[in-house]
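Q: quick check, what structure comes out for this input:
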Amino acid sequence: MLSGNEALARALAAARIRSAWSFPGSPLTRLEMLLDSRGAPGVTHRFTVNEHVAASLALGGALLSGHGTCMLMKHVGINVALDTLATFGMVNELRSPSLLIEGVDPGPQTSQNVAAERPSRGSALALTHVNIASCLTPSSPLGHLRASRPYLSLVR
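A: Next up is the predicted model:
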């Protein structure tokens, strides 16, 4: 039986995502540690100083390097990265896929607010042209990435 984090790490490797960027913090800490311990062969993970930098590096990598990238952040980090996401949403010239994984803190146990504040952030993300997939089970990430396979074929 896989945990959700293990399933997501395997899904990233299976989708040929080559680099992942994140700002350290719960609820994604276990996934970040899995990526650092080579739990996803072929995926290199690096921490950044904030979510804005993580989004810039992931989207810049997808734009310039031609390989799949991923950014990991908790729900409050989306607000920090919104300028970068909106800018790249207007450019819309990525050579390869870039995936945003949002860690939700329903408690809130490690965040200053509850993740249920989606209406305002959802409408702001709509401006960025970012596709959103909600993963409700451990098998969901792999299913979403398999459904995206035609787009992932761009990965070199």
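Q: please make it C-alpha for all contacts and neighbour counts, starting now.
A: OK.
Q: for the chain, what spans make up the helices?
A: 4-14, 29-36, 51-64, 77-91, 118-126, 140-147, 149-152 (DSSP state H).
Q: quick check: mean pLDDT of the fourth one?
A: Average pLDDT, helix 77-91: 81.
Q: using CSV, list the CA coordinates for that helix.
A: C-alpha atoms of helix 77-91 as CSV (Å, rounded to 0.1, in the frame of the first residue of the first chain):
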residue,chain,number,x,y,z
GLY,A,77,2.2,29.8,-1.3
ILE,A,78,0.0,30.1,-4.4
ASN,A,79,-0.6,33.8,-3.4
VAL,A,80,3.1,34.4,-3.2
ALA,A,81,3.7,32.8,-6.7
LEU,A,82,0.7,34.4,-8.3
ASP,A,83,2.7,37.2,-10.1
THR,A,84,4.9,34.6,-11.7
LEU,A,85,2.0,32.3,-12.6
ALA,A,86,0.1,35.2,-14.2
THR,A,87,3.1,36.4,-16.2
PHE,A,88,3.8,32.9,-17.6
GLY,A,89,0.1,32.4,-18.3
MET,A,90,0.1,35.4,-20.6
VAL,A,91,3.3,34.3,-22.3
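Q: packing partners of that helix?
A: Judged by 3 or more C-alpha pairs under 8 Å, 6 or more residues apart in numbering; DSSP states H and E, the packing partners of helix 77-91 are helix 51-64, helix 118-126.
Q: what do you get for the second one?
A: Other elements packing on helix 29-36 under the criterion 3+ C-alpha pairs under 8 Å, 6+ apart are helix 4-14, strand 44-47.
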